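# What shape does this take:
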Amino acid sequence: MAEDEWNVKTLAVDDPNAIEQVAKELGVDPDEVRDSVQFSMAIHEKIRDENLSFQQALSALLSVVSDMLRTGVPMVPRAEIVTEIHQTLWDSCGLPTDTRPKVHNYGMKGQGQPKIH
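Below you'll find the predicted structure:
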């Protein structure tokens, strides 16, 4: 993927035109976009309902993603998907694109854990 394809966009899930536009940009059916967004929202709701900590939620989500990749994707495409996940996650978290040494302290011990909203 080209670097400019990693832009994170906000989607108004109750706006059929917005869903149509995103589906068109992605080259998928609008129902796929709608279903994916609704599934994501259901996961957020489940995390809140279960009162899971950040670490519990993150561990569970990474476990599911890892299991899906390990059991359903051959090695070479798996590596490409993991790279895409990393790039998308980096971008969607608003992390800087300037990764020179001054940004070396991400994830260091002693930093507070983020809260899930």
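
# What segments of this protein are helices?
All helices of the chain, identified by DSSP state H, fall at 16-26, 30-49, 54-72, 75-92.

# and these as a markdown table, adding mean neighbour count and mean pLDDT?
In this view, the C-beta of every residue, glycine as well, is placed from N, C-alpha and C. Below are the helices of the chain laid out as a markdown table (neighbours: other Cβ atoms under 10 Å; pLDDT from 0 to 100):
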| stretch | mean neighbour count | mean pLDDT |
| --- | --- | --- |
| helix 16-26 | 14 | 91 |
| helix 30-49 | 13 | 93 |
| helix 54-72 | 12 | 95 |
| helix 75-92 | 12 | 91 |
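
# Show me the one of these that comes nearest T10.
Of all the helices of the chain, it is helix 16-26 that lies closest to T10, at 8.9 Å by Cβ to Cβ.

# Now do the closest one against helix 30-49, angle only.
Interaxial angle, helix 16-26 versus helix 30-49 (axes from the mean of the first three to the mean of the last three Cα atoms, to 10 degrees): 110 degrees.

# helices and strands around helix 16-26, which ones?
Secondary-structure packing of helix 16-26 (3 or more Cβ pairs under 8 Å, 6 or more residues apart in numbering; DSSP states H and E): helix 30-49.

# Run through the neighbouring helices and strands of the helix it packs on.
Secondary-structure packing of helix 30-49 (3+ Cβ pairs under 8 Å, 6+ apart): helix 16-26.

# Can you add distance to T10 and give the helices of the chain back as JSON lines?
Converted to JSON lines, the helices of the chain look like this (distance: least, Cβ to Cβ, whole Å):
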{"stretch": "helix 16-26", "distance to T10": "9"}
{"stretch": "helix 30-49", "distance to T10": "11"}
{"stretch": "helix 54-72", "distance to T10": "21"}
{"stretch": "helix 75-92", "distance to T10": "11"}
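
# No further queries at this time; thank you.
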